[in-house]
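A.B. asks: 3D, please:
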Amino acid sequence: MVVVAGPLGLVSIADGEEVVAVWDPETYLAFGDHRARPFHDLLARVGARDPGLIVDLGCGPGTLTRLLAKRWPAASVMALDSSPEMVQAARERGIHAELCDIRCWSPPPGTGLVVCNAVLQWVPEHAELLRQWMRQLPPGGWLALQVPGNFSAPSHAETARLAAEPRWRGLFEFRGDHRVLEPAGYAAVLAPGAAELDVWETTYLHRLTGSDPVLEWISGTALRPVRAALSVTEWEEFRQELAPRLRAAYPAGADGVTWFPFRRIFAVAQAG
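C.D. replies: Numbers count the residues shown, from 1 in each chain. Below is the predicted model:
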């Protein structure tokens, strides 16, 4: 079985059939405070005053969707995700969330703001989707996106090297690079339809503690395709082999703290 990333979630391909792999909201939220900070930084650059309809594409468990309703209380908020587990978690938080395939989505009439927070990296063709959305947004509508830009970091490089070893080769596909554009790339994609455009990058230095914190971090995101492809025993073996590599790449200090650099890329555009 080969497992690859899919839109707004993970999709595993087995025997010619498409099967949605399981997302674990609790694992994802283990570092909720760290994962929320880029969302706040993204929204800080959105100048919408009365967006009318807000769409949270890839809403996850809904913890950040509530912030959209809080900032724009008069707006209607649509929360969409392709993971049934995430949609259920969002609904349990009182969010009206629905299943959606981002590749087939278009902004409904009256859309004032589309938010894509840490989701487009799962969609290889997302540059063309961004072009389409900018053409389809009404004049004055906003598009805000944030994607991780750390695919060349040791966390991904060490995982890719391990995945290429004979023991694991062919069991899954770990696509650890070339999923996102550089900031200049997003500027080029969004500029033709934008009246306003702001593109930037930030490297956060996350303070992590506990046993193998970097491994735990990527287990909730980048390693989901790996977990979906392996048996329970294989998954534990893979983690045991990866753990010392990540400890060497991200050593804990004498105080037990591991500092984890995480680069993220942002873009906020207003349709012309």
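
A.B. asks: what about the residue nearest to Ala252 when sequence neighbours are not counted, distance to Ala222?
C.D. replies: Leaving aside its chain neighbours, Ala252 sits nearest to Thr258 (4.7 Å; criterion: Cβ to Cβ, 6 or more residues apart in numbering). For every residue, glycine as well, the C-beta is placed using N, CA and C. Distance of Thr258 to Ala222, computed by Cβ to Cβ, to the nearest Å: 17 Å.

A.B. asks: same question, Trp122
C.D. replies: 10 Å.

A.B. asks: when the two are compared, which one has more neighbours?
C.D. replies: Neighbour count, other Cβ atoms under 10 Å: between Trp122 and Ala222, Trp122 has more, with 24 against 20.

A.B. asks: against Val147, how distant is that one?
C.D. replies: Taken as Cβ to Cβ, the span from Trp122 to Val147 is 9 Å.

A.B. asks: joint contacts of those two?
C.D. replies: Common contacts of Trp122 and Val147 (Cβ atoms under 8 Å, 6 or more residues apart in numbering): Arg179.

A.B. asks: shaky segments in the stretch 1-150 of the chain?
C.D. replies: 1-32 (pLDDT under 70).

A.B. asks: and the helices in it?
C.D. replies: Applying DSSP state H, counting those that start in this stretch to the stretch 1-150 of the chain gives helices spanning 25-28, 32-43, 65-71, 84-92, 126-136.

A.B. asks: out of these, which is closest to Gly185?
C.D. replies: helix 126-136 (7.4 Å; Cβ to Cβ).

A.B. asks: next, the buried residues of the closest one.
C.D. replies: By neighbour count on 16 or more other Cβ atoms under 10 Å, the buried set for helix 126-136 is 126-127, 129-130, 133-134, 136.

A.B. asks: on the three-state scheme, the nearest residue to Leu242 once chain neighbours are set aside is what?
C.D. replies: Closest residue in space to Leu242, ignoring its immediate chain neighbours: Leu162 at 5.5 Å, by Cβ to Cβ, 6+ apart. Secondary structure for Leu162, judged by DSSP: H, G, I helix; E, B strand; the rest coil, is helix.

A.B. asks: next one: Leu162 from Leu57, what distance?
C.D. replies: Taking Cβ to Cβ as the measure, Leu162 falls 32 Å from Leu57.

A.B. asks: more crowded one of the two?
C.D. replies: For Leu162 versus Leu57, the count of surrounding residues by other Cβ under 10 Å is larger for Leu57: 26 against 17.

A.B. asks: in the sheet, who's paired with that one?
C.D. replies: Leu80, Cys116 (DSSP bridges).

A.B. asks: can you check Glu196 too?
C.D. replies: Gln270.

A.B. asks: that one and Ala269 touch, don't they?
C.D. replies: Yes: assessed by Cβ atoms under 8 Å, Glu196 is found in contact with Ala269 at 6.8 Å.

A.B. asks: between those two, point out the one with more neighbours.
C.D. replies: Ala269 (28 against 13).

A.B. asks: quick one: the strands in the stretch 101-250 of the chain?
C.D. replies: Under the criterion DSSP state E, counting those that start in this stretch, the stretch 101-250 of the chain contains strands at 111-117, 142-148, 194-208.

A.B. asks: give me the buried positions along the longest helix anywhere in the chain.
C.D. replies: The longest helix of the chain (DSSP state H) is helix 232-249. Across helix 232-249, burial judged by 16+ other Cβ under 10 Å covers 234-235, 238-239, 242, 245-247.

A.B. asks: that helix - contacts with which helices or strands?
C.D. replies: On a contact count with 3 or more Cβ pairs under 8 Å, 6 or more residues apart in numbering; DSSP states H and E, helix 232-249 meets helix 154-163, helix 213-219, helix 224-229.

A.B. asks: so which elements touch the shortest one?
C.D. replies: Secondary structure elements in contact with helix 224-229, counted by 3+ Cβ pairs under 8 Å, 6+ apart, are strand 2-6, strand 9-14, helix 232-249.
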